[in-house]
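Engineer: sequence plus predicted model, see below.
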Amino acid sequence: MDPNHTGRGSVTGWTSHALAALDAARRGECPPLEFLPAELGQAPRWIERPEAELTSRNWRKDADSASIPSVSQHKFGYLTAVVRTSGSTGTPKQTLLPWSALEASARMTAEALGGHGQWLLTLQPSYVAGLAVLTRSLVAGTHPVALLEGTSDPQRFAEAAEQLTGERRYVSLVPTQLQRLLEHRDSRLLAALRRFDAILLGGGPTSPELFGQARELQLNVIRTYGMAETCGGCVYDGYPLPGVTVEISTYGRVLLSGPMVAQGYLDDAMTAERFDTDPATGHRRFRTDDLGQLGSERTEDLDTIAQVTGSGHTAQVLPRLTVTGRADDVIITGGVKVSAEEVRRAVESHPNVREAFVAGVQDPEWGQRVTAAVVLATASREGRSFAEIDAQVREKLGAAAVPKHYELLGALPLLPNGKPDRQALLQILSKQRA
């Protein structure tokens with residue numbers, strides 16, 4: 001193939017071309033691919049990234065170099081895809097995904113869900129969640145149905161879901177997509193949602209209210225945790241997929257290791273900082289930005305439709321991960337440390353709040369002020385709601401955690417992958433004064 005080739009299929013038939021290109025990359029018949037976000041009304045495009053393959057080859061050639069720790073212990077196979085992280089917290093990174101990791105992720109997913117199936121693709125393949133659907137389809141020998149626009153429109157979603165013909169059917173959504181779909185209690189939509197053997201929710205935290213609502217509607221929802229560096233979700237409802245190891249570092253960061261971990265970043269220095277090898281398993285290990293706690297639960301007490309059998313899941317007591325926040329979400333206000341994630345959860349627990357974003361902004365008096373962007377679940381704009389939210393946060397987390405400013409929004413600004421646009425929200429909150 002021409003290294004400057006730009007792939008594009010028709011708006012309706014692009015998935016066949018994409019699967020063929022991905023298959024060629026996994027076989028080493030062309031350089032690794034990078035999928036690009038689709039323009040409105042257009043099919044996704046992809047380009048070849050030969051310079052990324054050159055980096056990968058150099059790593060394999062210099063595997064004994066101290067600058068790339070423990071690479072010699074990992075057989076990557078052909079580098080297949082380059083995925084940029086969302087950049088929701090800063091500069092996007094270019095993640096290098098070999099076929100061995102992508103395939104391992106696809107097989108782990110199938111094992112956890114009870115078998116391979118046909119997927120509804122509702123997320124751009126430029127993001128790892130969308131790429132994962134293409135990879136799972138390639139491994140399973142199935143063909144996905146694509147719906148990349150109007151994903152929260154109940155009629156368009158139902159029409160797309162009804163095109164699935166596989167015995168087992170799956171969809172991967174971000175919580176915002178499901179939240180907006182469930183605002184419509186359309187019987188046709190609910191029938192389509194109930195037909196899925198699993199609805200994976202990832203890309204951000206799922207509120208207890210949304211999860212409970214979905215379960216009440218008899219939807220088979222699974223909350224997933226993962227990132228581009230792990231080829232997507234690798235922890236389902238808190239439980240690691242078969243073959244995945246979860247650890248908590250000395251400083252509370254979540255460490256993930258297994259055959260689904262990426263080779264690294266295009267930037268060597270970033271790779272050395274965030275990736276190493278798990279000495280116990282020999283698998284690649286990724287140091288996340290998330291803080292977490294590991295608990296345990298007996299198998300008979302599990303409340304998840306994901307299967308937890310396989311490697312590491314044969315014991316009667318299983319490890320369970322709870323993500324408590326991000327390493328960079330600590331707000332120091334008046335000398336007191338406050339977790340932005342805990343405040344967000346407390347704010348969202350109020351029945352009048354649909355969704356919220358919490359951050360610290362610079363303040364000459366407090367050092368940082370706790371601020372919140374809030375989307376109300378009702379049309380009410382009465383100040384009483386915010387007084388109640390203040391009381392709720394104060395009771396749960398203490399006076400220092402109470403937001404000193406609320407910015408009322410009609411909706412949180414989102415990135416193309418459905419995650420809240422942290423940079424845009426920080427700009428909005430930083431412009432406000434107490």
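Structural biologist: The structure has been received and is ready for your questions.

Engineer: domain ranges for this structure?
Structural biologist: Listed by automatic domain parsing, the domain ranges of the chain are 99-325, 330-430.

Engineer: need those in JSON lines (columns: mean neighbour count and mean pLDDT).
Structural biologist: Just so you know, the C-beta spots here come from the backbone N, C-alpha and C atoms, and that holds for glycine as well. Output for those, formatted as JSON lines (neighbours: other Cβ atoms under 10 Å; pLDDT from 0 to 100):
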{"stretch": "domain 99-325", "mean neighbour count": "19", "mean pLDDT": "91"}
{"stretch": "domain 330-430", "mean neighbour count": "17", "mean pLDDT": "87"}
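
Engineer: to L54, which of those domains lies closest?
Structural biologist: L54 sits nearest to domain 99-325 of all those, at 10.3 Å, using Cβ to Cβ.

Engineer: reformat the domains of the chain into a markdown table and put distance to C30 next to each item.
Structural biologist: What follows is these, written out as a markdown table (distance: least, Cβ to Cβ, whole Å):
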| stretch | distance to C30 |
| --- | --- |
| domain 99-325 | 13 |
| domain 330-430 | 26 |
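
Engineer: quick one: which of those domains is nearest P32?
Structural biologist: If we rank the domains of the chain by Cβ to Cβ, the stretch that ends up nearest is domain 99-325, at 9.4 Å.

Engineer: how far off centre is that closest one?
Structural biologist: Here the centre of domain 99-325 is set off from its chain's centre by 7 Å, with Cα atoms, centre = their mean, to the nearest Å.

Engineer: secondary structure element for the closest residue to V82 other than its chain neighbours?
Structural biologist: For V82, ignoring the flanking residues on the chain, the nearest one in space by Cβ to Cβ, 6 or more residues apart in numbering is E34 at 4.3 Å. Element membership for E34, per DSSP states H and E: strand 33-36.

Engineer: which residues sit against that strand?
Structural biologist: Contact partners of strand 33-36, identified using Cβ atoms under 8 Å, 6 or more residues apart in numbering, comprise 7, 18, 21-22, 25, 44-49, 52, 80-84, 124-126, 130-131.

Engineer: return the subset of the residues you listed lying in helices.
Structural biologist: Within the contacts of strand 33-36, membership in helices is found for 18, 21-22, 25, 52, 130-131, as judged by DSSP state H.

Engineer: what subset of the residues you listed is buried?
Structural biologist: Members of these that pass the buried threshold by neighbour count (16 or more other Cβ atoms under 10 Å) are listed as 18, 21-22, 25, 52, 130-131.

Engineer: sort the residues you listed by pLDDT and name the bottom one.
Structural biologist: Going through those one by one, the lowest pLDDT turns up at A52, 89.

Engineer: residues in contact with that residue?
Structural biologist: Remark: with contacts taken as Cβ under 8 Å, 6+ apart, A52 is in contact with 31-32, 34, 79, 82, 94, 96, 266.

Engineer: of the residues you listed - the most surrounded one?
Structural biologist: By neighbour count, taken as other Cβ atoms under 10 Å, the most surrounded of the contacts of A52 turns out to be L79 (29 neighbours).

Engineer: got a list of what that one touches?
Structural biologist: With Cβ under 8 Å, 6+ apart as the criterion, the residues that contact L79 are 32, 52-53, 56, 96-99, 263.

Engineer: switch the cut-off to 7 Å
Structural biologist: Applying Cβ atoms under 7 Å, 6 or more residues apart in numbering to L79 gives the contacts 32, 52-53, 56, 96, 98, 263.

Engineer: tell me the least confident of those?
Structural biologist: Least confident by pLDDT among the contacts of L79: that is S56, with 59.

Engineer: helix or strand right after the longest strand anywhere in the chain?
Structural biologist: Assignment by DSSP state E gives strand 284-298 as the longest strand of the chain. Scanning forward in sequence from strand 284-298 by DSSP H and E, the next helix or strand is strand 317-326.

Engineer: coming back round to it: CSV for the contacts of L79, including distance to K337?
Structural biologist: Conversion of those to CSV gives the following (distance: Cβ to Cβ, whole Å):
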residue, distance to K337
P32, 42
A52, 40
E53, 44
S56, 41
L96, 36
P98, 39
Q263, 36
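
Engineer: okay, the residue nearest to V82: pLDDT?
Structural biologist: Looking at E34, its pLDDT reads 97.

Engineer: what about the strands in the stretch 301-434 of the chain?
Structural biologist: Listed in chain order, the strands found in the stretch 301-434 of the chain under DSSP state E, counting those that start in this stretch are 317-326, 330-333, 336-339, 353-363, 367-376, 405-408.

Engineer: what sits against the residue nearest to the spatial centre of the chain?
Structural biologist: Closest residue to the average C-alpha location of the chain: G203 at 2.7 Å, with Cα atoms, centre = their mean. With contacts taken as Cβ under 7 Å, 6+ apart, G203 has the following neighbours: 129, 174, 417-419.

Engineer: separation between the residue of the chain positioned farthest from its centre and S339?
Structural biologist: Here the centre of the chain is the reference, and by Cα atoms, centre = their mean the most remote residue is E365, at 36.3 Å. In this structure, E365 lies at 21 Å from S339, with Cβ to Cβ, to the nearest Å as the measure.

Engineer: same check, this time on E29
Structural biologist: 48 Å.

Engineer: among the contacts of A52, which one sits closest to A160?
Structural biologist: Using Cβ to Cβ, E34 is the member of the contacts of A52 that sits closest to A160, with 25.5 Å.

Engineer: could you check how far that closest one is from Q42?
Structural biologist: The span separating E34 from Q42 equals 17 Å under the rule Cβ to Cβ.

Engineer: any idea which element the residue lying closest to G150 once chain neighbours are set aside lies in?
Structural biologist: If the residues on either side of it in the chain are set aside, G150 comes closest to R156, at 4.1 Å by Cβ to Cβ, 6+ apart. With elements delineated by DSSP H and E, R156 resides in helix 154-161, which encompasses its position.

Engineer: need the next SSE after that helix, C-terminal direction.
Structural biologist: In the C-terminal direction from helix 154-161 (assignment by DSSP H and E), the next one is strand 169-173.

Engineer: name every strand pairing with that following strand and say which way it goes.
Structural biologist: Sheet pairing for strand 169-173, assigned by DSSP bridges, gives strand 118-121 (parallel), strand 198-201 (parallel).

Engineer: for the ones you listed, give me a markdown table that also has distance to Y236.
Structural biologist: Converted to a markdown table, the strands paired with strand 169-173 look like this (distance: least, Cβ to Cβ, whole Å):
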| stretch | distance to Y236 |
| --- | --- |
| strand 118-121 | 16 |
| strand 198-201 | 8 |
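
Engineer: out of those, which gets nearest to V361?
Structural biologist: When the strands paired with strand 169-173 are ranked by proximity to V361 (Cβ to Cβ), strand 198-201 comes first, at 29.6 Å.
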